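Q: Provide a 3D model corresponding to the input given below.
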Amino acid sequence: MSLPEKSQAVGLRGLAWVQVAAFVSVLTALVTLARAQDSSPGPTYDRAIGIALEELSYPYPVSFLPLVIEGHASRMAYMDVAPTAAPNGRTTMLLHGKNFDSGYWGKTIAGLAAHGFRVVVPDQIGFNKSSKPEIAYSFDLLGANTVRLLDHLGVGHVHLVGHSTGGMLAVRLARTYPERMAHLVLEDPIGLEDYRLKIPPQTTERLTEDELHQTPEQYRAFIRRYFVSLPPADYERFVEWRARVALSAEFDRWAHVSALLYQMIYHQPVRYEYPLLRPPTLLVVGAEDRTVVMRQYGNRAATAEMGNFPVLAQAACHEMARCELIVMPQTGHVPHLEHPEVFIDRLLGFLNANAGSAAHRP
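A: Numbering: from 1, shown residues only. Reported below is the predicted structural model:
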């Protein structure tokens, strides 16, 4: 049975698990491989990169939208990719996670463009190639910036796809601007639970210091936990630019902004907004994803049961007006990297099956 055949699509009636005998042995082999990788050293880096990742290549040209935020002149980076097949008049926007640059959307962009979609991919202020002012970050601010970008590009309705932290932002956008949302797709969104309930608050100073003192080896282990079977070479990109940013003269500011972004995630939960969402919604999660933001600051016993994405996603889906859930086996926190063809197939299937249920002018 192929991976696409084993993927589970469920709606509000519950989660239908596929029983595959070979899965146990495959998973055991993957765990053994991951443990072997954990003990192997990775590359080292001695050349700095600026905190706007100027030298980091993206798969498509990058443009900038000028913004003024709390008196700070800022620039919001984005890719605007035209369809490579007959245009279907629809626009998809892809929102990145906290620890990922938007280059990781490359295969998803290509797959959507090949089916006639215009694809817009922003780097939020505070992340990646965009400006990093030291301000009070909020999902409302990032959402307003995102809508300004849509207005700048002449996009009315959008098919919104958010991954990880981008999923939290996508929830806030869909709740605040429902008239702009044709469809909502949440890929392993963090914020499916309220982290404040089991993890104590941390000062921004503590979070900043921890960022400043994290070694490349520690960060590599952190990134590795996002994946079940992705080869190290395919996620080393995220380790490399983080290690090179740490060599930058502006690393102190980068670390402070990163801490401010963690505070935004922690103190601004969106879990309680799921029942308010109205667009047709697809939740896609990895069966093995157990990501918990700031888990290291909580009591191990208290956090042990947190982060079960299939269970958390099912509960959220039950509360929504129109929701489908896909749980991808043998997959961690980033399905579109571990199994890109399956992810694109499921994404296109959802957008096309629900094309008549939502407006989609460009």
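Q: So what sits opposite the residue most central in space within the chain in the bridge?
A: By Cα atoms, centre = their mean, the mean C-alpha position of the chain lies nearest to H163, the distance being 2.4 Å. H163 has these beta-bridge partners by DSSP bridges: E187.
Q: Kindly provide the distance from it to P189.
A: 7 Å (Cβ to Cβ, to the nearest Å). No exception for glycine: its C-beta is placed from N, CA and C like everyone else's.
Q: The residue nearest to the centre of the chain touches N99, doesn't it?
A: No: using Cβ atoms under 8 Å, H163 is not in contact with N99; the gap is 10.8 Å.
Q: Name the residues contacting each of these two.
A: By Cβ atoms under 8 Å, 6 or more residues apart in numbering, H163 and N99 have no common neighbours.
Q: got any ranges where this structure has weak pLDDT?
A: 1-40, 356-362 (pLDDT under 70).
Q: Which parts of it are strands?
A: 8-10, 63-69, 72-81, 91-95, 118-122, 158-163, 181-187, 281-286, 323-328 (DSSP state E).
Q: and A174, which of these is closest to it?
A: Closest approach to A174 among the strands of the chain (Cβ to Cβ): strand 181-187, 4.8 Å.
Q: From the contact counts, what lies against that closest one?
A: Counting by 3 or more Cβ pairs under 8 Å, 6 or more residues apart in numbering; DSSP states H and E, the packing neighbours recorded for strand 181-187 are strand 158-163, helix 165-176, strand 281-286, helix 340-353.
Q: Dig out what S63 forms beta bridges with.
A: For S63, the beta-bridge partners under DSSP bridges are Y78.
Q: From the structure, what's the count of residues near the closest residue to P43 other than its chain neighbours?
A: Leaving aside its chain neighbours, P43 sits nearest to E236 (6.7 Å; criterion: Cβ to Cβ, 6 or more residues apart in numbering). Neighbour count for E236, taken as other Cβ atoms under 10 Å: 16.
Q: ok, E236 to Y219 distance?
A: 11 Å.
Q: Also P329?
A: P329 is 28 Å from Y219, by Cβ to Cβ.
Q: Specify which residue of those two has the higher count of neighbours.
A: Between P329 and Y219, counted using other Cβ under 10 Å, the more crowded position is P329 (21 against 18).
Q: and the gap between the more buried one and D80?
A: Counting by Cβ to Cβ - P329 and D80 are separated by 34 Å.
Q: cool, and Y266?
A: On the measure of Cβ to Cβ, Y266 and D80 end up 32 Å apart.
Q: same question, V228
A: 33 Å.
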